[in-house]
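> sequence plus the predicted model coming up.
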Amino acid sequence: MIRFPPLRPVAALVILCLAIAVLVCPTGLAAQNREVVHYQKNMKFDMTDQKRLAGDILARRPDTVTLQEVNGDNRDVLKWLRPQYPWQKICHFDEIGRVAVMARWPVVAGTEQCLRGQGIAAMQVEMPEGKVWVMSVHLETPDKPLHRLMVQNLVPELARFRGPKIIAGDFNAFPGSASVSALAQAAGVTELGPRIITYRVANLLGFTIDHVMVTGGSGRVEQLPLIGSDHFGVLAHITLRF
């Protein structure tokens, strides 16, 4: 019979800890929540480089995508993305144009909707970890009366949604503004940082008017290239808690 040398106290403690870890976390010793990636982009109605934008999205492989200013001239982007993002919802609003939300994960049947308050396309996605609401937002500029009216109408609608959410888009308003704060509070979401420039005026002044907000999670955002638009894209890395 082979006799093994007695374990030192430290080695025995390590083995015990490993055994407990395997029992508590059978899928791995350091299992963590999967990072969810979201791609936000205001395409601009007369944007150029549609194929380049589609290629950039495909290369970054986000879980979900939100687009604004979708029209007949740039709608091919959605067609080119459909093989990888078959679940798509497009909403047409007379005053603000089309907004779209897409996902590589299946949509919960019957959840696709265009909010009556205008400017938001929404659908609930069944990710491996659970269900997540994804919403694409496009608000009118604050100098127009429609901006305030949209916020007033959207607040009670957003308050009715339950569960984790990713809300992203062109809010045409700054972080901490009355409009952004009202919608965030109604939806129970928090804006991701750090603060990045998403729109420039005359290539001089830079503003943050495109936002990614989440509930039940945390994360960070980074600025992406313009790619034929007047808005920089935003890529968000999110850890959601289900």
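Now that the structure is in, tell me what you want to look at.

> I'd assumed D46 was in a strand, is it?
No: under DSSP: H, G, I helix; E, B strand; the rest coil, D46 sits outside any strand and is assigned coil.

> where does the prediction get shaky in the chain?
The model of the chain has pLDDT under 70 over residues 1-32.

> how about the strands in it?
35-42, 64-70, 87-93, 97-103, 113-114, 120-127, 130-138, 165-170, 190-191, 199-201, 205-207, 210-215, 217-223, 234-240 (DSSP state E).

> distance of the closest residue to D76 other than its chain neighbours relative to L81?
Spatial nearest neighbour of D76, excluding adjacent residues (CB to CB, 6 or more residues apart in numbering): Q50 at 5.7 Å. C-beta here means a position set from N, CA and C on the backbone, and glycine is covered the same way. Distance of Q50 to L81, computed by CB to CB, to the nearest Å: 11 Å.

> try G188
G188 sits 29 Å away from L81 when distances are taken as CB to CB.

> residue contacts, the residue nearest to K41 when sequence neighbours are not counted?
With CB to CB, 6+ apart as the criterion, K41 has its nearest non-adjacent residue at 4.5 Å, and that residue is G233. Counting by CB atoms under 8 Å, 6 or more residues apart in numbering, G233 touches Y39, Q40, K41, D56, Q223, L224, P225, L226, I227.

> okay but the fourth one is in contact with I227, surely?
I take that to be D56. Yes: using CB atoms under 8 Å, D56 is in contact with I227, at 6.1 Å.

> so which of these two has more stuff around it?
I227 (21 against 17; other CB atoms under 10 Å).

> need the contact list for that one.
Applying CB under 8 Å, 6+ apart to I227 gives the contacts K41, M47, D49, R52, L53, D56, G233.
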